[in-house]
Every structure is written in structure tokens, then in C-alpha cells.
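Undergrad: model this:
(3 chains)
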Amino acid sequence: MPEGPEVECTRLALSPLIGKRILSIKFTKNSQKYQKYKNKQQEINGFKGQKLIKIERKGKFLIWVFEIEKVILNHLGMSGKWILLTSDKQELPSHAKVFLNMEDLPHAVFDDTRNFGQFRVFNNYNSVSEYRPIKKMGIDGLANKFPIEEFLEKLNKKNYSEREIGAVLLDQKLVAGMGNIYKSESLALAEIKPMRLVKELSENEREFLGICISKTLHKALKSMGSTFQAFRTPDGQEGKAQNWHQVYGKEGSFCSKCSNKITKIIQNGRSTFFCSKCQK
DNA sequence: CCGCTGGCCTGCGAGC
DNA sequence: TGCTCGCAGGCCAGCG
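TA: So this is what the prediction gives:
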């Protein structure tokens, strides 16, 4: 589920928690099967009674800010999701890792089936900023005004020139929040083949790609409306973004622009989809 | 420093 | 129907 737009949806859906106190916070029984959650309970006990001030998103990370200096850095990984519990009697989902017992309903649960998610405590905000993935993070693909100049500048860096654009787009140091689906979708919209080398891309193509990235991510965020709903009613609908996918997951079906068959390749170990006719 | 490969996990659907 | 296998939208350690 979670690329930048889905993480932003999650952040928005968590807004009922803002300004509320956490009565207690617990690593669940399920979480104790995994090393990364073991013997960490004491560390998060410090958040007891704390008021949640805000939740920020940086790339695909969520940063939970409280009255105290301590900060929680949370990544959804491949399968992590937050679920709001609207009743005190509601059971925890089977892969619940962290339970936030709030002063008022709803409570919140971090559920992560594949356990690739992250939930780390930092002593202060500054140390989060110094954490390498945050510090080195590229431009925000979901910025209201996509910083095209900065995008072009970063794309111009030497180490990208000999690499394939499809692989480069997944680098969070370039566009933070980009993921494997919207990588293929952005390139389809820009009509650029994923295996083109960065050095081969013209100035016009680069600029148009930047615009297409921004358009794709914003459109994804917008069409997640139903995921937003599903967040409140966990067994509800999923997002709508898949309804407009041009290429992702469409191997063998026909391109909606030219009726050519969509191709799938593995690029740097990741599935990559494109139309070999539309995309130059 | 860099990029690439494989590992971390569970669940699901295709194919037999 | 039931089994196995391959694959899944993430990152990161370790290697060359």
C-alpha cells in the first residue's frame, strides 16, 4: 500500500488523534515475536500521558511530535497501516504491533503484517533530522508547488547520469515519497521508457518528467479518498488509484492510448511496466 | 563514498 | 479441492 500519497492519506486520517492525550502505549503480544520490538516497552513508556501535538510526513516517514522532546519516527514499510478503534471493546487486528490507548476514542493501532515497518523513538526532533534517511531525503514529490529547479539540479548529479531513470526514480534522495507503482505511472505519463539512461534525457524530457511526477502523486493522493474512509472503518473500501493505472500491473493488457500491449520488465529487482510504443 | 544483490516477513493467487 | 511457488506498493546491511 504505502507510497508517499498513501502515507499522506494515513497522516490525514490520523487527525482525530491530534491534541489528544495518550493514556498508555504498548508493544503488543504479536510484536514481541520480533527482535526490533523486543525490550522496547520501557522506551515508549515515556509517552504516557503525553499530548500529541502533530504528525508530520517526510517522504514515506511519519513523525509523531509530542509535548515532550521525545519523538516517534514511524515508517509503514510494505504492509504497515494505522487503524482507528472506535470502541473500547474492539479486538486488535492479528498483526497489531503498537497500541495507542487514547484519553478519548478513537484509540489507534499500528498493524503490520509483513513486519517491514519501523517504529523508533528519538530523544529529540533534532536527532530525527540527523537520521540519515531523513537528512539525505530529496524533494517532496507531494509539495504543493513541485520544486522543478531543484529536481533538475538533483537529476543532473553525476552519479545518476549512467543509470536507468526507472531505477533512479526510486531513490528517496531524489524524489521522496516516490514508490514502485508511481514510478511506472509517472514515466508512462511522461512517455519515457524506464530503461533510458538519465544522461540520454533531454532538458525538455526532464522538465516534463518532473511535471508528470507531481501530477501523478497528487492525483494518487486525491483518489485515495475511499482509503481515507476505509481507515475509519477498517473493513471498508480501498483506494481508487488503481482505477486509473495506465501501466502498473497491466502486463499483457492494451495501452489505453495506442492499444499496444503493456510490457513488464524487472529493473533492479523491481517490477516495472511500460508501453513500448507510447514511451520513447 | 557508490550501486547492486539478497534478506527481512506473511499472505495471496496462479497454476498444477 | 489442496498444494507449491512466485510475487508483493519498503528499506537496509553487506559486498565489491
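
Undergrad: stretch A:13-28 vs DNA strand B: in contact?
TA: No: using CB under 7 Å from any atom of the strand, stretch A:13-28 never reaches DNA strand B; the gap is at least 13.8 Å. Just so you know, the C-beta spots here come from the backbone N, C-alpha and C atoms, and that holds for glycine as well.

Undergrad: next, the buried residues of that stretch.
TA: Neighbour-count burial for stretch A:13-28, counted by 16 or more other CB atoms under 10 Å, picks out A:13-14, A:17, A:20-22, A:25-28.

Undergrad: for stretch A:262-280, same thing?
TA: Applying 16+ other CB under 10 Å to stretch A:262-280 flags A:262-264, A:267, A:272-275, A:278-279 as buried.

Undergrad: please apply the same query to stretch A:125-138.
TA: Neighbour-count burial for stretch A:125-138 [16+ other CB under 10 Å]: A:128, A:133-134, A:137-138.

Undergrad: quick one: end-to-end distance for that stretch.
TA: 19 Å (CA to CA, to the nearest Å).

Undergrad: who touches that stretch?
TA: For stretch A:125-138, the surrounding residues in contact (CB atoms under 8 Å, 6 or more residues apart in numbering) are A:58-59, A:61, A:63, A:65, A:69, A:71, A:73, A:122, A:154, A:171-176.

Undergrad: tell me which element residue A:266 is part of?
TA: strand A:262-267 (DSSP states H and E).

Undergrad: repeat that for residue A:186.
TA: Counting by DSSP H and E, residue A:186 is part of helix A:180-190.

Undergrad: do that helix and DNA strand C meet?
TA: Yes: counting by CB under 7 Å from any atom of the strand, DNA strand C is contacted by helix A:180-190 at A:180-181.

Undergrad: buried stuff in stretch A:161-179?
TA: Quick answer for stretch A:161-179 (16+ other CB under 10 Å): A:164-179.

Undergrad: ends of that stretch, how far apart?
TA: 20 Å.

Undergrad: is DNA strand B contacted by that stretch?
TA: Yes: judged by CB under 7 Å from any atom of the strand, stretch A:161-179 comes into contact with DNA strand B at A:163, A:167.

Undergrad: pLDDT of that stretch, averaged?
TA: When pLDDT is averaged over stretch A:161-179, the result is 97.

Undergrad: whether that stretch contacts DNA strand C - can you check?
TA: Yes: using CB under 7 Å from any atom of the strand, stretch A:161-179 reaches DNA strand C at A:170, A:172, A:179.

Undergrad: and what of stretch A:142-154?
TA: No: judged by CB under 7 Å from any atom of the strand, stretch A:142-154 stays clear of DNA strand C, getting no closer than 13.5 Å.

Undergrad: alpha carbons only: can I get that stretch in CSV?
TA: Extracted in CSV, the C-alpha atoms of stretch A:142-154 (Å, rounded to 0.1, in the frame of the first residue of the first chain):
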residue,chain,number,x,y,z
LEU,A,142,3.8,15.9,-3.0
ALA,A,143,4.9,19.5,-2.4
ASN,A,144,2.1,22.0,-3.4
LYS,A,145,4.5,23.6,-5.8
PHE,A,146,6.8,21.0,-7.2
PRO,A,147,10.3,22.4,-7.0
ILE,A,148,11.3,21.7,-10.6
GLU,A,149,14.6,23.6,-10.5
GLU,A,150,15.8,21.5,-7.6
PHE,A,151,14.6,18.4,-9.3
LEU,A,152,16.6,19.2,-12.4
GLU,A,153,19.6,20.0,-10.3
LYS,A,154,19.5,16.8,-8.4
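
Undergrad: pull out the buried residues from it.
TA: Buried residues in stretch A:142-154, counted by 16+ other CB under 10 Å: A:142, A:146, A:148, A:151, A:154.

Undergrad: let me see the contact set for the third one.
TA: Taking CB under 8 Å, 6+ apart as the contact definition, residue A:148 lies against A:207, A:210-211.

Undergrad: make it 6 Å
TA: Applying CB atoms under 6 Å, 6 or more residues apart in numbering to residue A:148 gives the contacts residue A:210.

Undergrad: tell me which of the buried residues of stretch A:125-138 fall in helices.
TA: A:128, A:133-134 (DSSP state H).

Undergrad: thinking again about what came up before, closest one to residue A:244 out of the buried residues of stretch A:13-28, please.
TA: residue A:13 (21.3 Å; CB to CB).
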